[in-house]
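Visitor: Let's see this in three dimensions:
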Amino acid sequence: MRAQNAYRVRLGAAIVLATAATASAFALALSVSLPTAGWTTWAPVAAVPEGRAVQAASTSPADLEAVEAWTRRTLAVRPGEAAAWARLAWVAAERGDDAAANAYLDRSYTTAPFGPDITAWRLRFAYGRWGRLTPDLRRQADAELRATRRTRWAVVEAAAADVEDPAGRLAFTLAKQAEDRAQQARDQG
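Guide: Below you'll find the predicted structure:
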């Protein structure tokens, strides 16, 4: 073997060895620096109670105790889960506790003011109990409806069909019309 070829082989081996050592060191540093409840375990840890809460809510009649317990477990792992806060609002409303339902719905809006995953359900829920909402919650629901109307009008139309509360249906229609007029003004100006 010529000296030049031997040099290339040794250089290649040194590069492979250095790359492997660097990758191993990085992996070791990453595994040592991450706590056991780190980013790699968040999704699976939260997915189990979330799935069980949804399953308990889907039974007929819904097992409200199980829904609440599993939802609280979800929130213990992921406190910013807007759907879980909205589910607690639904449980409280089913129990007739309007104050708690409003507090949980407000928390849902605080964590994700404009959804997007929870928007359709939350619009149905909020406008379906319009007379029991606080003025602040009404403003938040209107803001979500108007923002959604701009980008995902089909979500708003689908939600509108499911609102049974007469006051909520009227408020929903008025908010849609106001957003439609505002959009026309933006388009013209």
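
Visitor: Domain ranges for the protein, per the record?
Guide: 1-33, 36-94, 113-189 (automatic domain parsing).

Visitor: out of those, which comes closest to residue 107?
Guide: With C-beta to C-beta, the closest approach to residue 107 among the domains of the chain belongs to domain 36-94: 4.3 Å. Where C-beta positions appear, they are placed from N, C-alpha and C, glycine not excepted.

Visitor: so where's the protein uncertain?
Guide: Filtered on pLDDT under 70, the chain yields the residue ranges 1-9, 11-14, 16-18, 20-46.

Visitor: ok, back up a step: relative to residue 102, which of the domains of the chain is closest?
Guide: Ranking the domains of the chain by proximity to residue 102 (C-beta to C-beta) places domain 113-189 first, at 5.6 Å.

Visitor: Give me the distance from the closest one to the chain's centre.
Guide: Here domain 113-189 is found 18 Å from its chain centre; the criterion is C-alpha atoms, centre = their mean, to the nearest Å.

Visitor: Endpoints of it, how far apart?
Guide: Between the opening and closing residues of domain 113-189 lies a distance of 28 Å (C-alpha to C-alpha, to the nearest Å).

Visitor: for stretch 148-165, same thing?
Guide: 21 Å.

Visitor: in it, what counts as buried?
Guide: In terms of neighbour count (16 or more other C-beta atoms under 10 Å), stretch 148-165 has its buried residues at 148-149, 155-156, 159-160, 163, 165.
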